[in-house]
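Enquirer: need a structure here:
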Amino acid sequence: MEIPTAGWSQAIIQGTEKPAVTPNYRAKRLLDLTMLALTALPAMILGILSSLAIWLDDGPPVLFRQVRIGRNGRPFVLLKLRTMLWDEPSATTFPHHDRYTRVGRLLRRMSLDELPQLINVARGEMSVVGPRPTLPYQVRRYNARQLGRLSVLPGLTGLAQVHGRNRMSWSDRIEWDLKYVQNQSLQLDLAILASTIRTVVSGDGVVGHPRHDAIAQTEERRYPVPGVTPSIRLAKPDIGEEEFEAIREVLISGILTGGEQNAAFEREFAIRHGAAHGITFSSGTSALAAMLLAEGIGPGDEVIVPSMTFISTATSVRHVGATPVFADIDFRSFNIDPESLPALITRRTRAVMTVHYAGQPADLDRLLKVCADNGLLLLEDAAEAAGAEYRGLPVGTFGKSAMFSFTPTKNITTGEGGIVLTSDAETAERLRLLRNHGQRRLYEHVLTGYNWRLTEMQAAMGRVQLRKLDTILARKRANAAWMNSRLETVPNVTPPYRVPNTRPTHMLYTCLLEVGRDSVLEFLVASGIEARVYFPPAHLQAIFEKQAGSLPVTESVAQRMLSIPMHSLLTREELALVADFLETGARQVRASR
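Expert: Numbers count the residues shown, from 1 in each chain. Below is the predicted model of the structure:
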């Protein structure tokens, strides 16, 4: 892999790569001992003051201990000053940025939390310079070449750190570490130390953790525009060691489907949302189809759906042989407009399937009244709305049943998968039969069913994700509030509207641009900001062209809407960058007209 080098360090490492891994150079231990002697007294004073600040801010303990892998794969206990809220963290837990204490944030900014690692250096478990010590589960993901980074002592700082480690993908970090292993020398170590000191003094810090455990992630897919890789993604799942461990335990158990994890996930998700029953499915689309089949909806029936939605809301109606009838939307919330429904209802209409667009609850009071007045079922497509509330109650409990989706763009994910919530016991029983070949007991099939089961691995991951839901939503709500304030005075941009008496999930952050939406979209993408139109109207898709009517509000909104990044892992700096580029693009469009 070709790694760009920068600035003063380029001459040191350029053109000196050796074909094989080499051991530590002879003076390395002398350098470590010299640095210990020079820093012992100031480090002790700073350590005592920092420990006192931690104690006063959040109480004991002061130290954080974590098992790491050192030279030649030998484990050791890494020592750091504690920077996160204390809840007896596991020795393998990866820190999360939102749990930093006030003192912890300051310590990390100046890298003072690393001071106790000088004890590790004194013990000979670490060096002052070298690859950062890695977690045990990370090592299991190394290939044979990448294991070469373990041939030297891990360090307090290293070549990857001074080149922006926390902004790199996991593979890029390892490449820098291998570069160091192959070119280590006293000259290189001194250069790295000089750069580290300069970075620490500037207040940037060099050895903190990234915002999520990137080393446990697969490589992110490229944006479909050739040559453009977004630096800020539209969505990013919050996945860490807990999810890996939960999946690992399932694999060890040997029960990969139809086991305790699915039952527990169903129960916990239903309780969290105030429903009596939860039934997991292999996808949100299969869950939607099952909802319709469970109510006997099929050929000859009609289901009213919004057009401003992902296509599966409408195609699931087609899957069961019924006909989707498209309704217009409210121009502010982008949800189905209850006022548009009476004109669409016929003797064949069986249900209204509302979508909570972007996690913004629909006008459920008025929808329930329309359905009650006309003898219709209300079904909820709550794919984007896990944790959303309407008048203080969780969505997903207002209709006869509701579907939630867990694809990677959602606030919590199982990769693929869905769940249906209902408080009707008979409906729940039919859903379970439909999911599993209509099988009541082993090889006793009482209706025509399907293989729509969620795996135990996905359910185990879902349970971990569900425990994160409230934290994720709190971060997204704070981010959305900041963005609303930032954009409210930007010409040509209208931030998302919030329906009264609701708590949305901000699964999407969709603005309206009065002019030049496509130009602004192109500008953002070219600038490395992933953005998208969520969603092109379903009724204008080719598969529905024979029944497409006119939905003026939907079509007008679709020409102006633009969704920008709003995932839970965004930093305030990234939010500001997104807002700045959006404002710049919007102003450029206005200036050109």
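Enquirer: okay, CA-based contacts and neighbour counts for the rest of this
Expert: Will do.
Enquirer: nearest spatial neighbour of the residue most central in space within the chain, skipping sequence neighbours?
Expert: What sits nearest the mean C-alpha location of the chain, by Cα atoms, centre = their mean, is residue 237, with 1.9 Å. Once flanking residues are discounted, residue 237 sits nearest to residue 408: 6.1 Å by Cα to Cα, 6 or more residues apart in numbering.
Enquirer: wait, what's in contact with that neighbour?
Expert: 235, 236, 237, 414, 415, 416 (Cα atoms under 8 Å, 6 or more residues apart in numbering).
Enquirer: Can you report how many residues lie near the first one?
Expert: Spelled out, it's residue 235. Neighbour count of residue 235, defined by other Cα atoms under 10 Å: 21.
Enquirer: start at 6 instead
Expert: Taking 6 as the first residue, the last one we looked at is residue 240.
Enquirer: For it, grab phi and psi.
Expert: phi -140, psi 150 (degrees, to the nearest 10).
Enquirer: pretty sure it contacts residue 575?
Expert: No: judged on Cα atoms under 8 Å, residue 240 makes no contact with residue 575 at a distance of 9.4 Å.
Enquirer: Show me where the chain dips below the pLDDT cut-off.
Expert: 6-28, 91-104, 142, 170-176, 204-234, 553 (pLDDT under 70).
Enquirer: Let me see the ranges of the helices in the stretch 356-505 of the chain.
Expert: Taking DSSP state H, counting those that start in this stretch, the helices of the stretch 356-505 of the chain run over residues 369-379, 430-440, 461-492.
Enquirer: which stretch among the ones you listed comes nearest residue 449?
Expert: helix 430-440 (10.6 Å; Cα to Cα).
Enquirer: for the closest one, packing partners?
Expert: The contact analysis (3 or more Cα pairs under 8 Å, 6 or more residues apart in numbering; DSSP states H and E) places helix 430-440 against strand 282-286, helix 289-299.
Enquirer: Need the CA coordinates for stretch 565-576. CSV is fine.
Expert: These are the backbone C-alpha positions of stretch 565-576, laid out as CSV (Å, rounded to 0.1, in the frame of the first residue of the first chain):
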residue,chain,number,x,y,z
ARG,A,565,-36.5,20.4,-2.9
MET,A,566,-35.6,17.8,-0.2
LEU,A,567,-32.0,16.9,0.8
SER,A,568,-30.8,14.7,3.6
ILE,A,569,-27.5,15.5,5.2
PRO,A,570,-25.4,13.5,7.8
MET,A,571,-27.0,13.2,11.2
HIS,A,572,-25.7,9.9,12.7
SER,A,573,-25.0,9.5,16.4
LEU,A,574,-21.2,9.4,16.0
LEU,A,575,-20.8,12.9,14.5
THR,A,576,-18.6,15.2,16.4
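Enquirer: Pull out the buried residues from it.
Expert: 565, 566, 567, 568, 569, 570, 571, 572, 573, 574, 575 (16 or more other Cα atoms under 10 Å).
Enquirer: Then stretch 63-76?
Expert: 63, 67, 68, 69, 70, 71, 72, 73, 74, 75, 76.
Enquirer: cool, stretch 547-562 as well?
Expert: Quick answer for stretch 547-562 (16+ other Cα under 10 Å): 556, 558, 559, 560, 562.
Enquirer: you'd agree the first one is up against residue 336?
Expert: To tie it back to what came earlier, the one meant is residue 556. No: Residue 556 is beyond contact range of residue 336, at 11.3 Å (criterion: Cα under 8 Å).
Enquirer: what's the spacing between residue 361 and residue 378?
Expert: 22 Å (Cα to Cα, to the nearest Å).
Enquirer: With residue 245 instead?
Expert: As for residue 245, its distance to residue 378 is 48 Å (criterion: Cα to Cα).
Enquirer: okay, those two: which has more neighbours?
Expert: Under the neighbour definition other Cα under 10 Å, residue 245 and residue 378 were set side by side, and residue 245 has more, 20 against 10.
Enquirer: how far away is the more buried one from residue 252?
Expert: 12 Å.
Enquirer: hang on, the earlier thing: got the contact list for the residue nearest to the centre of the chain?
Expert: With contact set as Cα under 8 Å, 6+ apart, residue 242 has these partners: 413, 414, 415, 416, 417, 418, 572.
Enquirer: Check residue 160 too.
Expert: With Cα under 8 Å, 6+ apart, residue 160 has these contacts: 131, 132, 133, 134, 135, 136, 137, 138.
Enquirer: Which ones among those lie within strands?
Expert: Counting by DSSP state E, the contacts of residue 160 place 132, 133, 134 in strands.
Enquirer: picking that back up, can you redo the contacts of residue 413 as TSV with distance to residue 398?
Expert: Listed next are those as TSV, based on distance: Cα to Cα, whole Å:
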residue	distance to residue 398
240	26
241	27
242	26
419	25
420	27
421	26
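Enquirer: For residue 301, state which of those residues is nearest.
Expert: residue 421 (26.0 Å).
Enquirer: Just give the number of residues close to that closest one.
Expert: 15.
Enquirer: try the one 4 residues further on
Expert: Under the neighbour criterion other Cα under 10 Å, residue 425 is assigned a count of 30.
Enquirer: Spatially nearest residue to it, not counting backbone neighbours?
Expert: Nearest to residue 425 is residue 408, by Cα to Cα, 6+ apart, at 4.5 Å.
Enquirer: my guess is that neighbour meets residue 424, correct?
Expert: Yes: Residue 408 lies in contact with residue 424 (Cα under 8 Å); the separation is 5.7 Å.
Enquirer: joint contacts of these two?
Expert: 289, 292.
Enquirer: wait, what's in contact with residue 248?
Expert: Counting by Cα under 8 Å, 6+ apart, residue 248 has contacts 465, 466, 469, 470.
Enquirer: secondary structure class for it?
Expert: helix (DSSP: H, G, I helix; E, B strand; the rest coil).
Enquirer: Give me the neighbour count for residue 105.
Expert: Neighbours of residue 105 (other Cα under 10 Å): 18.
Enquirer: hey, where'd the strands end up in the stretch 306-455 of the chain?
Expert: 307-311, 328-332, 354-360, 382-386, 394-395, 398-399, 406-410, 423-427, 444-446, 449-450 (DSSP state E, counting those that start in this stretch).
Enquirer: I'd say residue 322 and residue 294 touch.
Expert: Yes: using Cα under 8 Å, residue 322 is in contact with residue 294, at 6.7 Å.
Enquirer: more neighbours, those two?
Expert: Comparing residue 322 with residue 294 by neighbour count (other Cα under 10 Å), the higher total belongs to residue 322, at 28 against 22.
Enquirer: Tell me who's in contact with that one.
Expert: Residue 322 neighbours (Cα under 8 Å, 6+ apart): 294, 297, 308, 328, 329.
Enquirer: and the gap between it and residue 301?
Expert: For residue 322, the distance to residue 301 - Cα to Cα - is 12 Å.
Enquirer: Kindly report the same for residue 40.
Expert: 76 Å.
Enquirer: swap in residue 81?
Expert: 61 Å.
Enquirer: More neighbours: which of these two?
Expert: Using other Cα under 10 Å, the more surrounded residue of residue 81 and residue 301 is residue 81, with 17 against 12.
Enquirer: Need the nearest residue in space to residue 251, chain neighbours excluded.
Expert: residue 465 (5.7 Å).
Enquirer: ok, now which ones touch the one you found?
Expert: 248, 251, 252, 255, 266, 267, 270 are the contacts of residue 465 under Cα under 8 Å, 6+ apart.
Enquirer: from these, which ones fall inside helices?
Expert: Using DSSP state H, the subset of the contacts of residue 465 located in helices is 248, 251, 252, 255, 266, 267, 270.
Enquirer: can I get the CA coordinates of stretch 285-293 in CSV?
Expert: What follows is stretch 285-293, C-alpha atoms only, in CSV (Å, rounded to 0.1, in the frame of the first residue of the first chain):
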residue,chain,number,x,y,z
THR,A,285,-38.7,-10.7,14.7
PHE,A,286,-38.3,-11.1,11.0
SER,A,287,-35.4,-11.5,8.5
SER,A,288,-36.1,-8.0,7.1
GLY,A,289,-38.4,-5.0,7.5
THR,A,290,-40.0,-5.8,4.1
SER,A,291,-40.9,-9.4,5.1
ALA,A,292,-42.3,-8.0,8.3
LEU,A,293,-44.5,-5.6,6.4
